[in-house]
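K.L.:
Build me a model:
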Amino acid sequence: IQKCSYRVSIKNQFHSSRLISCMEKDVTFLSNSQKQSARIDDSDEPPSKRMMSSSNSESIYGSLIPRSQILDTFRPLTKKTRLDKMEYVLSRRCGSVHVLFENLTDPHNGAACMRTADGLGIQHIHAVESHSHFAFNSNVSKSADKWTTLHRYEHCTPALNQLKSNGFTLIATSMDSDAQSLDEIEFNTFDKICVMFGNETRGLSKAVLSHADYKVKLPMDGFVQSYNLSVTCAIVLYHLKKLHIIKPNLPPNEMQTLYEKWILPKNARTLIQSKQLDYPSY
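P.N.:
Residues are numbered from 1 along each chain as shown. Predicted coordinates:
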C-alpha cells in the first residue's frame, strides 16, 4: 500500500509539474503577445476603426494636405498607425454639410448626435444656446467632441446669418403640416446645406423655422408622433450619406489646420519653443 501511494504521489507530482510548465509557457506567450500588441497599437480606438491603407499617410501629406512646420516637426514623433488614422479621417471629412442644434437639454442626446456626425464624416456642429447650454456626456460621445469643430452661439440670429452668408441652405426638421417628407427633398440641387434640429420637447423655435429654406419630416407608420432626437439625427444624416451629399470635400487649408490641432501632444508648447517655432493661434 505504501509503495502504491508513493507511485501515485510521484505520478501526481509529475502531472502537476507538467501542468505548471504549460501554464508558465502560456502566461509567457500571452505576456509577450500583449507587449507586442501594445507596441503596435497604442491608440485608444478599437482596431476595427483603424483599418486603412498603410500608404495613406504618404499619399496625402504634402499633396492633399499642405505641408507645414508644425506637421513636419510632429509627424516623425507620432506613431504611423495614428498618422494613418488621422489622415484617413481628414481625407473623408465633409465641409459642405453642417448640423445645428438648438437648446438641447439632454447631454446624452448631444453626445449621441456628435458621435453620429463624426462617424458620418461631418466636421462642423453649431449649437444655439439661447435657453439651454449644449452639453454632452463624454462616455457617450466617445471623444467625438475632440475631432469635430463646435461653434457656440447665444442666439440663433448670428448662427443663421453666418450660415446664410456662407451659402448654406437651411433644412429644418419639423412636424409641421407644411413639412415635406425627407425623400421629397432634392438635396443634390444644393451646394451646401445645414440640417437643423430643435429641443427634445419643443422642437425648433419659430425664429429658426422662419429662416429655414425647407422643412422636412420623417414618415411615421406607428402610433407615436416622433423619433428620439438622436435617432432622428442619425436617420437624416445617414440618408444624406447614402445620397452622397455627405462626401469628402474639406478644403486643404482646413485639413492642414485640423491635422495640426489633432497631432499636437500635451507638451506641445515646450517642444515648439525648443524648435523655435511660433505656437499656433488656435
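
K.L.:
hey, where'd the strands end up in the protein?
P.N.:
Taking DSSP state E as the test, the strands found in the chain are 97-102, 124-128, 149-153, 169-173, 180-181, 193-197, 214-217.

K.L.:
Can you list the low-confidence ranges for the stretch 101-250 of the chain?
P.N.:
141 (pLDDT under 70).

K.L.:
The closest residue to C233 other than its chain neighbours: what's it in contact with?
P.N.:
Excluding the flanking residues, the one nearest C233 by C-beta to C-beta, 6 or more residues apart in numbering is C113, at 4.6 Å. All C-beta spots, glycine's among them, are computed from the backbone N, C-alpha and C. Contacts for C113 (C-beta atoms under 8 Å, 6 or more residues apart in numbering) come out as 99, 101, 104, 125, 197, 229-230, 233.

K.L.:
Looking at the strands of the chain, which is nearest to Q256?
P.N.:
strand 149-153 (14.0 Å; C-beta to C-beta).

K.L.:
Give the pairing partners of that closest one; include direction for each.
P.N.:
In the sheet, strand 149-153 lines up against strand 124-128 (parallel) (DSSP bridges).

K.L.:
May I see the buried residues of stretch 119-129?
P.N.:
For stretch 119-129, burial by neighbour count (16 or more other C-beta atoms under 10 Å) applies to 120-129.

K.L.:
any idea which of those residues is closest to L90?
P.N.:
The nearest member of these to L90, counting by C-beta to C-beta, is Q123 at 9.3 Å.

K.L.:
separation between that closest one and E129?
P.N.:
Remark: distance between Q123 and E129 (C-beta to C-beta, to the nearest Å) = 20 Å.

K.L.:
re the thing from before, for the buried residues of stretch 119-129, work out which two are farthest apart.
P.N.:
G121 and E129 (25.0 Å).

K.L.:
Cheers, nothing more for now.
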